[in-house]
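Q: got a predicted model here, sequence first, then my questions.
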Amino acid sequence: MSDAIDYRRPPAGSKLELYVKPSCPYCAQAREHYDAAGIAYGVHDAQHDPAARDAMFALSGGDPTVPAIVVDGAYVRSGWGEPPRG
């Protein structure tokens, strides 16, 4: 996990990826936050896409909590908010 990166405001120009479950309210909160802040991100459906789920588990060390937040290929955290929920 990369604690040095603020999951709410990743560095400008970085590649942000979210591994989500479509019905997850915490995933929706994360997406709404990034949308409102004008931060571009990619979304991977970890519930319905086995390859995305496998990638998320590889990045998160097997943590099934969503959203899993990845910046420039580095796992930052799972869950949304303080304390993280998901």
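A: Arrived safely, thanks for sending.
Q: spatially central residue for the protein, please.
A: residue 69 (2.4 Å; C-alpha atoms, centre = their mean).
Q: give me phi/psi at it?
A: Main-chain torsions, residue 69, degrees, to the nearest 10: phi -110, psi 130.
Q: with adjacent residues omitted, what lies nearest to it?
A: Distances taken as C-beta to C-beta, 6 or more residues apart in numbering place residue 76 nearest to residue 69, at 4.5 Å, with adjacent residues excluded. C-beta coordinates here come from the backbone N, C-alpha and C atoms, glycine included.
Q: ok, which stretches of this structure are helices?
A: 25-37, 50-60 (DSSP state H).
Q: the residue nearest to the centre of the chain contacts residue 77, doesn't it?
A: Yes: counting by C-beta atoms under 8 Å, residue 77 is a contact partner of residue 69 at 5.5 Å.
Q: mutual contacts of the two, please.
A: Residues touching both residue 69 and residue 77 by C-beta atoms under 8 Å, 6 or more residues apart in numbering: residue 7.
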